[in-house]
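Visitor: I would like the atomic coordinates for the input below:
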Amino acid sequence: MFSKSSTTPTVDTEIVGQLKAPGDRMNRKAVLWVTLAVFAQESVWNLYDAQVPEQLRQYFSSAGAIGLIMGIDHSLGVFTQPTVGFLSDKLARRRTGRWPIVLVGAVLATVPFIAIPWADSLPMLMVCVVGFAAIANAFKGVTETLISDYVKPADRSKAQGFVKAGVSLTIVLSSLISLFVVDRSLHLAFAIPPLLMLATLGLSWLFLGRHHSEAMVTEKDEEEAGAPEFSSPWAVLRAAVGTPSSPMLLLMIGIFCFAGMWSAQRSLMTSYGVQVLDLSRGAAGGLALPGAIAFLICVLPIAYLSDRLGQLRAMRYGVGLFIVGLLVGFAVPTVAGTIVSMVLASLGYASFAVNALVALWNLAPTQRVLGTYTSLYTIASASGMALGPAILGTTVDLTSWRLMLLNAAVFATVTFMVFTLLARRAVDDPAA
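Guide: Numbers count the residues shown, from 1 in each chain. Take a look at the predicted model:
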């Protein structure tokens, strides 16, 4: 007698078969589930960036102080992410993959985030803000690294386009919550994103993470050639930035600068809308919505175009467009002018977001340290995000809210100069 299992494929077998990319095609089903995982994570961070500054304004009148506190959360990742990223690299080739770090981190981060609007004093609010940031930053880079486990190096820039399209949807979600929920129930507004994060991450693990060992990409040739082994995350970081001729350090400076200004204008935009455009808190929080829609529409074409332009050149053009957007907003200080400004700035940021992490991965000496290399990206971006809001907020204190976008454009010009130098260096020395 024949058993049923010998003739009928199980549900798990069918899922694994769907996750296998035939031939040289990009594994789109795996990209979908990783995109949902990143979407789940970023949905929380976007509402955090949009609404926590206004929560802090109950206790602080200084934009610089608010910006400094908003930067503290990102600075925590500088200390936690290299170690967590290195640990995730050790787990990547095991049956569970990096998923335990992501799932446990999401559960723990949910509690302080939901408690933010319930905090009725500054000490309690700071406990919630710092608690959420410390936990969420620890696993943030690990979630972003998942794409490298299931997609071959040649397809990662395109895959990042899909991932960043998912990220843009979180900006849409955050804007809609700000528009339709915040002014009615702040407690409900802070409960929706983390609960959505838990549900979406659970589905991503169910359809992808449970079959990690079957679906992941393995680099057999690299392993047979004896790729370098590293004993600690700090050994990886020293090897990455220790060579003066390497473009790694300059690339990290560019990431630091651009991430800082993007975070600064995102963190202070709601307050800008309230102070300059006379909008309500909810309406001001929705200013990012048109830019998010433009990002969503254009991020995939930008990802495919980047393959032709080259990643460094594409990032340079993106920074230039970002600066143009800020100048438009400064020149036309109306709701319509600010919306156009956010659309242009978001498109500029899209070109950066699609290419920056992949450019760092391409400099890695082995595919087995991509989680740690992601921590390089997060160290640079988190440091920028930590200082950017405070720097821009301080310029607002010294000048006025009316000049905020002009001040940001001046700082972004430094970023443009860095990527110009990187692009010229790549032309002069393609092997660099």
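
Visitor: quick one, what contacts P100?
Guide: P100 makes contact with L91, according to C-beta atoms under 8 Å, 6 or more residues apart in numbering. For the C-beta atoms, the positions are set from N, CA and C on the backbone; glycine is no exception.

Visitor: Is it inside a helix or a strand, and which specific one?
Guide: helix 99-115 (DSSP states H and E).

Visitor: Please identify the buried residues of the helix or strand following that helix?
Guide: Counting by DSSP H and E, the next helix or strand C-terminal to helix 99-115 is helix 122-150. Going by neighbour count (16 or more other C-beta atoms under 10 Å), the buried part of helix 122-150 is 125, 128-129, 131-150.

Visitor: now for helix 122-150, which elements pack on it?
Guide: helix 28-56, helix 63-92, helix 99-115, helix 156-177, helix 370-398 (3 or more C-beta pairs under 8 Å, 6 or more residues apart in numbering; DSSP states H and E).

Visitor: out of those, nearest to H212?
Guide: Nearest of the helices and strands packed on helix 122-150 to H212, taken as C-beta to C-beta: helix 99-115 at 6.7 Å.

Visitor: tilt between the closest one and helix 370-398?
Guide: Computed by axes from the mean of the first three to the mean of the last three C-alpha atoms, to 10 degrees, the angle separating helix 99-115 from helix 370-398 equals 20 degrees.

Visitor: tell me the angle helix 99-115 makes with helix 28-56.
Guide: Using the same axes, to 10 degrees, helix 99-115 lies at 30 degrees relative to helix 28-56.

Visitor: Make residue 1 into 13 and carry on from there
Guide: That works, and once the first residue is 13, the last one we named lands at helix 111-127.

Visitor: list the buried ones in helix 111-127?
Guide: 111-115, 117-118, 120-122, 124-127.

Visitor: farthest-separated two in the residues you listed?
Guide: Top of the distance list for the buried residues of helix 111-127 (C-beta to C-beta): W111 and A127, 25.9 Å.

Visitor: low pLDDT regions in the protein?
Guide: Counting by pLDDT under 70, the ranges of the chain that qualify are 13-38, 83, 85-87, 89, 225-241, 243, 252-258, 437-444.

Visitor: R250: how many residues sit nearby?
Guide: Residues near R250, counting by other C-beta atoms under 10 Å, number 11.

Visitor: what helix or strand does it sit in?
Guide: helix 245-253.

Visitor: Check which residues of that helix are buried.
Guide: P245, V248, L249, A251, A252.

Visitor: now it against helix 75-104, angle please.
Guide: Using the same axes, to 10 degrees: helix 245-253 against helix 75-104 is 100 degrees.

Visitor: re earlier: out of the helices and strands packed on helix 134-162, nearest to L359?
Guide: That would be helix 168-189 among the helices and strands packed on helix 134-162, by C-beta to C-beta, at 10.6 Å.

Visitor: This completes my enquiry, with thanks.
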